Structure formats: C-alpha cells, structure tokens
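S.K.: need the 3D shape of this:
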Amino acid sequence: MSVLFPKVNKPREWDYRPIYFDKEKEARKDKELARLHQGSLREEYERHMAEMRKKQKARMWFLVGLLVAIVLAYAILSRA
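M.R.: Sure, this is the predicted structure:
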C-alpha cells in the first residue's frame, strides 16, 4: 500500500441497456426453431456427413490430378 496515494476503489457504474421488441428478429428466431424441430438431428448429421464425404472425394481427385500433372511435367522436362 502506498502512503501518499492510497488506493480507493471506484463505485460500480450502472450499465443499463433497455431491451426493445424486434418483430423481424423474433420471426427469424421462430423460423430457426421451426427448422430445427422439422428435421431430426440424425437426418441433419447424415446430410452433413454426405456433404463432407463429397467434398473429401473432390479434394482427393484434385490432388491425384495435380500429382499426375507434376509427374508428367517432370517427365517431359527431364527428357529435354
């Protein structure tokens, strides 16, 4: 503790933000809840996993094509 300048805590400030009703926001929230209740979690999970497998397969074919292109370029350039 300092003798010349003792520490004095400031009182807490009151930070009040009023909540206003937003019709559009409530409609979006209700629509999202309806979408969640409409489909089961299992269906959502299966749909997501199918999409991920599709992306993974596309990425694999891209890498295979890139590897073939690199090998062909190396073979052509090494002959010259």
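S.K.: contacts, neighbours, all on C-alpha from now
M.R.: Will do.
S.K.: residue ranges with poor pLDDT in this protein?
M.R.: Applying pLDDT under 70 to the chain picks out residues 1-3, 37-39, 80.
S.K.: so how far is Val8 from the residue nearest the centre of it?
M.R.: Nearest to the geometric centre of the chain sits His48, at 13.6 Å (CA atoms, centre = their mean). Separation of His48 from Val8 (CA to CA, to the nearest Å): 56 Å.
S.K.: and the helices in this structure, which stretches?
M.R.: Secondary structure of the chain by DSSP state H: the helices cover 23-38, 41-79.
S.K.: would you turn these into JSON lines with distance to Glu13?
M.R.: Formatted as JSON lines, the helices of the chain follow (distance: least, CA to CA, whole Å):
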{"stretch": "helix 23-38", "distance to Glu13": "30"}
{"stretch": "helix 41-79", "distance to Glu13": "44"}
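S.K.: which of the ones you listed sits closest to Tyr16?
M.R.: helix 23-38 (21.0 Å; CA to CA).
S.K.: give me the angle between that closest one and helix 41-79.
M.R.: 90 degrees (axes from the mean of the first three to the mean of the last three CA atoms, to 10 degrees).
S.K.: what's the spacing between helix 23-38 and its chain's center?
M.R.: How far helix 23-38 lies from its chain's middle: 20 Å, per CA atoms, centre = their mean, to the nearest Å.
S.K.: what does stretch 49-65 give?
M.R.: 19 Å.
S.K.: now do stretch 17-34
M.R.: Worked out by CA atoms, centre = their mean, stretch 17-34 lies 22 Å from the chain centre.
S.K.: same check, this time on stretch 61-80
M.R.: With CA atoms, centre = their mean, you get 35 Å for stretch 61-80.
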